[in-house]
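Undergrad: Show me the folded form of this:
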Amino acid sequence: MEGEGSAESTRKISTPIVEVYQRARKRIESLNEPGHSEEFQFSASRKIQYLSGVAANMGALALGIVLSWSAVALPDLRKDPDIGPTMTDYQESWISSIVTLAAVISTPVAGIFLEKIGRKRSMQLFSVPFLLGWLLIFFATSVSMINAGRFLTGFSGGSFAVTAPIFIAEVADVKIRGLLGTGFDLAICIGQLVIFTLGSFLSWRFYTLLCAIVPAVIFIMMLFVPESPLYLIEKGDDSKALHSLMRLHGATSSMQVENELTDLKRSNQRSKENSAGWRDLISLSIIKPVSISMFLFILQVVSGIDPVLFYTVDIFEAAGSTIDEYYSAIYVGLVQVVAAVAAAVLVDRFGRKIFLILSEIFMTISLCTLGIYFYLKSQNNDQPPEGLGWLPLTSLIVFVFAYSIGLGPIAYLLLGELVPQRVKGLASCILTCIKWSISFVLVKFFNNISQALGREGVFLLFAAFCFIGLLYILFFVPETKGKTLDEIQQEFSNNTNDTSAKNRNTSVNNATANATETDRLLPKDEDEPTKFTYSSV
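TA: This is a model prediction of the structure:
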């Protein structure tokens, strides 16, 4: 009874965000089953599905704006007569990093609201503090007000990172699910490009006010889309789920979407039966794929991508580049968008591992080049090396492109492919919190590390981490191209079974050797030979 109570408490710990993730994944799997392919799905019109996808991905665009707002705002805040004179380096580090700390907190909170009030209403709810956060920054007369606004926008943006992908997975057909799903990462990149562009031409208060428009648009757009039918089924409201399906598929009769409703009920039942808890992560066949995903997430952060995107203008200004630092930031944002599109097109064609390897190679080279540039600058009385004014922009463009076409998107892709379905929700929650937490520490103390090691030292340190990442990927990350999810999981299970089999064989051999030695030492009875038996483990 005690064991049952412990198991029950374990399941409760992992809900509700874990169950939400698991059901979203089950929704994706059910749509890919032979009986649920696109030719069996009725769809007279997908307009509402497209609208739902765009509305949810607007949250990703808003998140991208939040993440890189400090890159263009900090230089402007230093010049502001009300904020600048009293703002310290310590306060600047909080303005940049507090959004990642807020995102850590928002991850489990978003899961609770997803389960309690639904996907659609959760996104509407989170758009309200999103709007209030931007308005608080716009009217700020102190750094404290800015930090409060940044916390609200970071919390809301982190919530959309949980809610939007799940909502899209549950409302989109097979035919357009990939398009709408990959649009999330692309929207983040577009959001960063938008804030780089606005920050290059407008005052910080003006472009902050424009940022407040995005959550308002999200709230309005959500008024015109239905709730996730899978969520409604989970709540036992089949009639509303049927109405939602009819709207999403443009159906005029409930009979047209009855098969889809049945599929969703079956998917919901399977997700309940296959729920997992913390103890499931202990299994060796699960620890290995989860650890691979975890290290890839860590490699994302320690590559230095967050400091680069949070302090873009400051980095170019410190480099003394011959190209305007604000225009350089725009070029970086534009390259990031192009790379995100290229990744979506090329990864399935050429494989995951090759792009991870190339990504780490070029990230290492570009960061080494940037580190050497800052070293030469420090040896030249802090003046840019003659004829190398173009090098900082080129190095960061190569770095951002390499990250955005490889390590950035593929780490998330492999999370979905490597980790077993029954623990995917729990693992996703844990890994997301780990990533945001490390990102907070790195962004918060980036300036401190730069002062201790110098700009050249910090970029060479990032390059070293990228080189370590290259070695890890070469030896430990498997290729998943062309393999089904079942085949991938079977490989991990086989590796675990092979290890167990070796252990069993070792035990058998040892037992045989012991038996032989004992047989040799003990006295024999010629009429009744001694028999030795053993049981293999």
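Undergrad: any idea what sits nearest residue 492, other than its immediate chain neighbours?
TA: Distance criterion Cβ to Cβ, 6 or more residues apart in numbering; nearest residue to residue 492, sequence neighbours excluded, is residue 285 at 5.0 Å. (Glycine included, C-beta is placed from N, CA and C.)
Undergrad: thought the one you found was touching residue 490?
TA: No - checked against Cβ atoms under 8 Å, the pair residue 285 and residue 490 is beyond contact range at 9.7 Å.
Undergrad: how many other residues sit next to residue 105?
TA: Residues within reach of residue 105, counting by other Cβ atoms under 10 Å, total 16.
Undergrad: and it, what is it in contact with?
TA: With contact taken as Cβ atoms under 8 Å, 6 or more residues apart in numbering, residue 105 is in contact with 155, 158.
Undergrad: With residue 99 as the reference, measure out to it.
TA: As defined by Cβ to Cβ, to the nearest Å, residue 105 lies at a distance of 11 Å from residue 99.
Undergrad: Which neighbours do these two have in common?
TA: residue 158.
Undergrad: Work out for me the element the residue nearest the centre of the chain sits within.
TA: Against the mean C-alpha coordinate of the chain, by Cα atoms, centre = their mean, the closest residue is residue 412 at 5.4 Å. For residue 412, the element it lies in under DSSP states H and E is helix 407-418.
Undergrad: same deal with residue 72?
TA: Using DSSP H and E, the secondary-structure element containing residue 72 is helix 47-79.
Undergrad: what sits against the residue lying closest to residue 224 once chain neighbours are set aside?
TA: In space, residue 224 comes closest to residue 51 once its chain neighbours are excluded; the distance is 6.4 Å by Cβ to Cβ, 6+ apart. By Cβ under 8 Å, 6+ apart, residue 51 lies in contact with 221, 224-225.
Undergrad: which of the residues you listed lies closest to residue 465?
TA: Distances from the contacts of residue 51 to residue 465 were compared by Cβ to Cβ; the smallest belongs to residue 221, at 39.8 Å.
Undergrad: Measure how buried the closest one is and give me the count.
TA: By the other Cβ under 10 Å criterion, the neighbourhood of residue 221 contains 18 residues.
Undergrad: now swap in residue 212 and tell me
TA: As a burial measure, the neighbour count of residue 212 was computed by other Cβ under 10 Å and equals 19.
Undergrad: Tell me if I'm right that it and residue 134 touch.
TA: Yes - with the criterion set as Cβ under 8 Å, residue 212 and residue 134 qualify as a contacting pair; they are 3.7 Å apart.
Undergrad: any idea of the mean pLDDT for stretch 227-247?
TA: Summarised as a single mean, pLDDT over stretch 227-247 is 85.
Undergrad: first to last residue in that stretch, what's the distance?
TA: Terminal residues of stretch 227-247 are spaced 10 Å apart (Cα to Cα, to the nearest Å).
Undergrad: Need the contact partners of it.
TA: For stretch 227-247, contacts defined as Cβ under 8 Å, 6+ apart pick out 23-24, 27, 48, 114, 118-121, 166-167, 170-171, 226, 248, 251-254, 256-258, 260-261, 264-265, 267-268.
Undergrad: Show me which residues of that stretch are buried.
TA: Within stretch 227-247, the residues that qualify as buried are 227-234, 240-247, counting by 16 or more other Cβ atoms under 10 Å.
Undergrad: Stretch 461-474 too?
TA: Under the neighbour-count criterion of 16+ other Cβ under 10 Å, stretch 461-474 has 461-463, 465-467, 469-470, 472-473 buried.
Undergrad: ok, which stretches of the stretch 351-500 of the chain are helices?
TA: 353-378, 391-405, 407-418, 421-444, 446-476, 485-521 (DSSP state H, counting those that start in this stretch).
Undergrad: one step back: not counting the helix holding residue 412 itself, show me its contacts.
TA: When contacts are taken as Cβ under 8 Å, 6+ apart, the neighbours of helix 407-418 outside the stretch itself are 25, 185, 289-290, 292-293, 296-297, 299-300, 303, 305, 340, 343-344, 347, 352, 355-356, 359-360, 363, 424, 427-428, 431, 469, 477-478, 480, 485, 488, 492.
Undergrad: Swap in 6 Å and give it another go.
TA: By Cβ atoms under 6 Å, 6 or more residues apart in numbering, the list of residues contacting helix 407-418 from outside reads 185, 289, 292-293, 296-297, 300, 343, 352, 355-356, 359, 480, 488.
Undergrad: Which stretches in the stretch 201-350 of the chain count as helices?
TA: Taking DSSP H, counting those that start in this stretch, the helices of the stretch 201-350 of the chain run over residues 204-211, 213-222, 229-234, 238-249, 258-273, 284-302, 305-310, 312-319, 325-350.
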